[in-house]
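make a model of this:
(chains A, B and C)
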Amino acid sequence: MPHLVILYTPDIEKDADIPALCRELANTMLTQRDEADRQVFPTGGTRVLAYPAAHAAVADGSGEYGFVYANLRMGTGRSSAVHKSVGDALLATLRQRLEPLLAQRPVGITLQIDESPGQVFDAKHSSLHPLFTRA
Amino acid sequence: MPHLVILYTPDIEKDADIPALCRELANTMLTQRDEADRQVFPTGGTRVLAYPAAHAAVADGSGEYGFVYANLRMGTGRSSAVHKSVGDALLATLRQRLEPLLAQRPVGITLQIDESPGQVFDAKHSSLHPLFTRA
Amino acid sequence: MPHLVILYTPDIEKDADIPALCRELANTMLTQRDEADRQVFPTGGTRVLAYPAAHAAVADGSGEYGFVYANLRMGTGRSSAVHKSVGDALLATLRQRLEPLLAQRPVGITLQIDESPGQVFDAKHSSLHPLFTRA
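As a prediction, the model looks like this:
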């Protein structure tokens, strides 16, 4: 945790630099601070994964419509102020990177944050996380 | 919103026309009406994304088993009657398109609708949506 | 139901046998028993789908970091003891299969189980499930 997963229509792939977007979104997550000025997301637990769809249908199909959906799943217990500042920051990064594309043709961006809904089990095992938590 | 995401075993790809299924599911969503005869899903916000798995395991692995999972995530506040009529309509479209495949070999279809579970942030930015909301 | 979906960074693909991992995870699910010694997951409804990301960003990007996220979505109504035993068993399978990779380089594994969060509609249609429920 947290996991930011990006699902998008395949047409986006050729028109936007998604690897760079992933890196920028991860960087945005890493710079988030809470009310006590602590890092919101642990460095070793910050992940962004991007998936172009194999097939898609958007709206009424009458134009070259694109769509980018970003979903952040984060642990429970953060304040709504943190949710808002994290969401605003991620949306700003998405807009900055994708604005040129939106200006060219009709593309929709949606960002949603979920707080581990319905979660009944959570376990981690990692040789990555400890790299960033050693004193 | 809403987003219909289809996850399926890779064997389905060669045996069913998934691009056509995506379009038909989007059309099904666009024709849904609520109790007040309003369109349930905004045209510019209707999206279907399909993802064949790279690898899969189904049941006990003893046959050429296939699986199609469709998940619709929609906003909160709709009646259970709307949930049911939307679900019934989408399942009918899935069945109509996939029935020939189910008759050939063992394939399972599951459709689930979630009402934005655990959502703590939601934002949109779009050059697509406005195309369908102008007077 | 249940659906186990595995999302992972693309670097994992070349370093681990994901098809075998899928099969082993399905087998693990099939051997789970509840307090009354009944099979927790129906054979015909057990599915594992694996998706390497097209693009990813992990942690601060300073190393060859990998990440495997496994999410099991299961129906409501199981006890927390069942959730824990299922989670422990799946994590053990993930660790056994991926431990050599974690020893080579920094890789994080996360397993989460969700109990159908926010679900408002659920329907199945299958020519697969009946194969395993006939007397």
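
going forward, measure contacts and count neighbours with C-alpha atoms only.
OK.

up against chain B, what does chain A have?
For chain A, the residues found near chain B under the criterion Cα under 8 Å from any Cα of the partner chain are A:7-9, A:53-61, A:65-67, A:80, A:83-84, A:87, A:91, A:95, A:102-103, A:105-118.

in PyMOL, select just the buried ones from those residues.
A single PyMOL command suffices to select whichever of these are buried according to 16 or more other Cα atoms under 10 Å in any protein chain shown:
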select buried, chain A and resi 7+8+9+53+55+56+57+58+59+60+65+66+67+83+87+91+95+102+106+107+108+109+110+111+112+113+114+115+116+117+118
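
out of the residues of chain A next to chain B, which are inside strands?
For these, membership in strands holds for A:7-8, A:55-58, A:66-67, A:107-114, with DSSP state E as the criterion.

quick one, helices of chain A?
A:12-15, A:18-30, A:80-104 (DSSP state H).

which residues of chain A lie near chain C?
The interface of chain A toward chain C, taken as Cα under 8 Å from any Cα, is made up of A:1, A:18-19, A:22-23, A:26-27, A:30, A:43-52, A:117-129.

narrow the residues you listed to those that are buried.
Buried members of the residues of chain A next to chain C, scored by 16+ other Cα under 10 Å, are A:1, A:18-19, A:22-23, A:26-27, A:30, A:43-52, A:117-122, A:125-129.

tell me how far the ends of stretch A:75-82 are from each other?
Distance between the boundary residues of stretch A:75-82 (Cα to Cα, to the nearest Å) amounts to 12 Å.

can you give me the buried ones in it?
For stretch A:75-82, the neighbour count (16+ other Cα under 10 Å) marks residue A:75 as buried.

who's in contact with that stretch?
By Cα atoms under 8 Å, 6 or more residues apart in numbering or on different chains, the surrounding residues in contact with stretch A:75-82 are A:1-2, A:34-35, A:115-116, B:120.

chain center to that stretch, what's the gap?
In this view, stretch A:75-82 has its centroid 16 Å away from the chain centroid, taken as Cα atoms, centre = their mean, to the nearest Å.

and for stretch A:5-19?
For stretch A:5-19, the gap between its own C-alpha mean and the chain's C-alpha mean amounts to 13 Å (Cα atoms, centre = their mean).

run through chain A and note the low-pLDDT ranges.
A:1, A:134-135 (pLDDT under 70).

list the contacts for residue A:129?
With contact set as Cα under 8 Å, 6+ apart, residue A:129 has these partners: A:43-45, C:106, C:108.

could you redo the last one with a cut-off of 10 Å?
Taking Cα atoms under 10 Å, 6 or more residues apart in numbering or on different chains as the definition of contact, the neighbours of residue A:129 are A:42-46, C:59, C:65, C:106-109.

TSV for those, including distance to residue A:73?
Putting the contacts of residue A:129 into TSV (distance: Cα to Cα, whole Å) gives the following:
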residue	distance to residue A:73
A:42	14
A:43	15
A:44	15
A:45	12
A:46	11
C:59	16
C:65	20
C:106	22
C:107	19
C:108	16
C:109	15
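
what's the closest non-adjacent residue to residue A:18?
Taking Cα to Cα, 6 or more residues apart in numbering or on different chains as the measure, residue A:18 lies nearest to residue C:55, with 7.0 Å between them; neighbours along the chain are not counted.

beta partners for the one you found?
On DSSP bridges, the residues paired with residue C:55 through beta bridges are residue A:50.

isn't it right next to residue A:21, touching?
Yes. Taking contacts as Cα atoms under 10 Å, residue C:55 lies within contact range of residue A:21: 9.4 Å.

anything in contact with each of these two?
The overlap between the contact sets of residue C:55 and residue A:21 (Cα under 10 Å, 6+ apart) consists of A:48, A:50.

nearest residue to residue A:46 other than its sequence neighbours?
In space, and not counting its chain neighbours, residue A:46 is closest to residue C:59: 4.9 Å by Cα to Cα, 6+ apart.

and the one you found, what is it in contact with?
For residue C:59, the set of contacting residues under the criterion of Cα under 10 Å, 6+ apart consists of A:23, A:26-27, A:29-30, A:41-48, A:128-129, A:132, C:65-67.

touching, residue A:61 and residue B:26? I think so.
Yes. Because the distance of 8.8 Å satisfies Cα under 10 Å, residue A:61 is recorded as touching residue B:26.

what do these two both touch?
In the contact map built from Cα under 10 Å, 6+ apart, the residues linked to both residue A:61 and residue B:26 are B:43, B:47.

in the sheet, who's paired with residue A:126?
For residue A:126, the beta-bridge assignment (DSSP bridges) gives partners residue C:108.

which residues does it contact?
By Cα under 10 Å, 6+ apart, the contact list for residue A:126 reads A:44-45, C:66-68, C:95, C:99, C:102-103, C:106-110.

and those as JSON lines, adding distance to residue B:75?
As requested, the contacts of residue A:126 are exported to JSON lines (distance: Cα to Cα, whole Å):
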{"residue": "A:44", "distance to residue B:75": "32"}
{"residue": "A:45", "distance to residue B:75": "29"}
{"residue": "C:66", "distance to residue B:75": "33"}
{"residue": "C:67", "distance to residue B:75": "30"}
{"residue": "C:68", "distance to residue B:75": "29"}
{"residue": "C:95", "distance to residue B:75": "37"}
{"residue": "C:99", "distance to residue B:75": "40"}
{"residue": "C:102", "distance to residue B:75": "39"}
{"residue": "C:103", "distance to residue B:75": "43"}
{"residue": "C:106", "distance to residue B:75": "38"}
{"residue": "C:107", "distance to residue B:75": "35"}
{"residue": "C:108", "distance to residue B:75": "32"}
{"residue": "C:109", "distance to residue B:75": "31"}
{"residue": "C:110", "distance to residue B:75": "28"}
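
which one of the residues you listed is nearest chain B?
Here the nearest of the contacts of residue A:126 to chain B, counting by Cα to the nearest Cα, is residue C:68; it sits at 14.0 Å.
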